[in-house]
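Undergrad: Provide a 3D model corresponding to the input given below.
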Amino acid sequence: MQKNASDKAGAEELRRALGRSRSGFAAIGLFSFFVNLLVLTGPLFMLQVYDRVLAARSEATLLVLFLLIVVLYGIMGVLDHVRARISARIGARFQEEFEMRVFRALLERNSLSRRGVSSASGMRDLDAVQKMLASPAVFAIFDIPWTPVFLFIIFVFHPWMGYLAVAGGLILVGLTLLNQSATKRHQLQAAEAGRKSDEFTASLGRDADAVRALGMLRSAAPRWQAARRQALLAHISYSDANGFYATASKTFRVFLQSAILALGAWLVLRGEIKAGAMIAGSILIGRALAPIEAAIGQWSLVQRAHEGWKNLSTLLQQVPAHEERTVLPRPRAMLSLQQVTAVPPGEQVATLRMVSMDLIPGTALGVIGPSGSGKSTLARLLTGVWPVMGGKIRLDGATLDQYGDDLADHVGYLPQDVVLFEGTISENIARLAGSPDPEKVIAAAKKAAAHDMILKLPQGYDTRLPATGQRLSGGQKQRIGLARALYGDPVLLVLDEPNSNLDAEGSEALNRAIRGLKAAGGAAVIMAHRPAAIEECEMVMILDQGARVAFGPRDEVLRSHVRNAAVIGMPAGSPLKQ
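TA: You can find the predicted model right below:
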């Protein structure tokens, strides 16, 4: 029950967005009314030609009727074009309104999941809905209600013609239902095969150097080709299944028009209807069944849009829109953890349990412990990436969620694996700001001792990094990542294994940056394995299996626990022992 209610919450957000385009849908409905009304121009013209023009042999009447249908068909063409333009703008408005919402939700869901969800896949769901809204499938919805009207008019011509038209319509509806059930399995298989192929391709591209260096290309290439072939075959199978029903419906509709014409001719020979009704009936049956045929032809688009709608509903339910928050002033570097417990998203076992500690401005805390002790979990909690499952984390008295998106302005973060994005060095340091402030960028780079290193790059701060294949060493990325963390003078700096790729010079630069932060009244939390990383720390907390083993002044804690190297995660002969 809860899942259904949650899914409805996501779908309701999408429906509200469509509701804001109700005036556009109303306009499409109004224009569709007149377009379908003007469809009667052809049958009425045929009736008049056979019943009046040919009977009276009047050229003047034929000329007047012809000029009239030229005007009416011109109006119909204009109205049809206008409703197509309105439909396209409804789709564009829907995409424009939701693309940022979906983008943010995808990033947030990925940060809350160990199993990343492709952002490209989420955007494809949005594109699928947008394309359906701008497609002829929308017109079919407004035109199908006119099908009974046209069938009724055919019944007026003659009941037998009406029965044949209804039977043909039922067969087309049956083809639509068969198309839905028969192609769904092929569509799901094609989508899954395409997803696996894309993921395998992306995984090879992310570490192309290792693939080539280890000679994996010889074995990876056939697997990649097999994945691509499987995806191709699945798409061909789906295209064949959908194409069969689309072709069958089109062929049957053309046949049905001829069948109505043949039946009408027989009725004319029997003297039960006039020749004009025979031609008009053939025209009307084509128009009556055209929306059904259009629905079948657009069925793959409708199915993909329906799948995209469901995926978007689930996404928006999982990541609700953030409410507007009162903007809090710049906080002091007063950090407090109160009985904090954390469970990684999607898992059941806590990786941090009942951890408490306090940190005051001008100090640094070193968090040490073996791998899997909860250090990286704590880093994610302090930066607001993961929510706490129990307890509170407060910065200057306010819980982190009270800061909302502004938290990133006050907390700098250097992850274990630094990722630089497509753009210039300057843009990466400025956290992808559209117009980076040069003074702030250079100030952050100097604090991270990265200024001279950046100046040696081909275009300095304007050196553009590609999305993949960046030719920077691990140490260079680490320094640029530290500059990014220091950009904007955060009050709290969270560093996760900050000197894992730094040489002695880089480690000294890191320590200078921490000293500068403390001198300015900030605070730092450093997750570390190496002793050099916590030289500037006044306080140390030891974690083991998610629990706090010790917390207090650095030298005092290390003196008490340095003998147990397994707990601390450092060699017993470490310089910190002294």
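
Undergrad: now the helices: where do they sit in the stretch 351-500 of the chain?
TA: Secondary structure of the stretch 351-500 of the chain (DSSP state H, counting those that start in this stretch): helices at 375-382, 407-410, 425-429, 438-447, 451-455, 474-486.

Undergrad: Nearest to residue 14, out of the ones you listed?
TA: Closest of the helices of the stretch 351-500 of the chain to residue 14 is helix 407-410, at 28.3 Å (criterion: C-beta to C-beta). Heads up, the C-betas are built off the backbone N, CA and C, glycines and all.

Undergrad: Buried residues in that closest one, which are they?
TA: Neighbour counts over helix 407-410 (16 or more other C-beta atoms under 10 Å) mark 407, 410 as buried.

Undergrad: now it, how far from the centre of its chain.
TA: Relative to its chain's centre, helix 407-410 lies at 25 Å (C-alpha atoms, centre = their mean, to the nearest Å).

Undergrad: neighbouring contacts of it?
TA: 330-331, 383-384, 395, 400, 403, 431, 488, 490-492 (C-beta atoms under 8 Å, 6 or more residues apart in numbering).

Undergrad: will you turn those residues into TSV that also has pLDDT and distance to residue 36?
TA: Formatted as TSV, the contacts of helix 407-410 follow (pLDDT from 0 to 100; distance: C-beta to C-beta, whole Å):
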residue	pLDDT	distance to residue 36
330	89	63
331	90	63
383	88	58
384	85	55
395	92	63
400	88	58
403	87	56
431	86	54
488	87	60
490	91	63
491	92	65
492	93	65
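
Undergrad: What pLDDT is listed against residue 429?
TA: Residue 429 is assigned a predicted lDDT (pLDDT) of 89.

Undergrad: thinking again about what came up before, closest one to residue 77 among the helices of the stretch 351-500 of the chain?
TA: That would be helix 425-429 among the helices of the stretch 351-500 of the chain, by C-beta to C-beta, at 49.1 Å.

Undergrad: Give me the distance from that closest one to the chain's centre.
TA: Per C-alpha atoms, centre = their mean, the centroid offset for helix 425-429 relative to its chain is 25 Å.

Undergrad: then that helix to CSV, C-alphas only?
TA: The C-alpha coordinates for helix 425-429 follow below in CSV (Å, rounded to 0.1, in the frame of the first residue of the first chain):
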residue,chain,number,x,y,z
ILE,A,425,40.8,24.2,-14.6
SER,A,426,39.3,27.5,-13.4
GLU,A,427,35.8,26.2,-13.8
ASN,A,428,36.6,23.0,-12.0
ILE,A,429,38.0,24.9,-9.0
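
Undergrad: Quick one: list the elements packing against that helix.
TA: helix 438-447, helix 474-486 (3 or more C-beta pairs under 8 Å, 6 or more residues apart in numbering; DSSP states H and E).

Undergrad: which one of the ones you listed is the most hemmed in?
TA: Counting by mean count of other C-beta atoms under 10 Å, helix 474-486 has the highest mean neighbour count of the helices and strands packed on helix 425-429, with a mean of 23.

Undergrad: How far off centre is that one?
TA: That offset, for helix 474-486, works out to 29 Å (C-alpha atoms, centre = their mean).

Undergrad: got the angle between that helix and helix 438-447?
TA: Put simply, helix 474-486 runs at 130 degrees to helix 438-447, going by axes from the mean of the first three to the mean of the last three C-alpha atoms, to 10 degrees.
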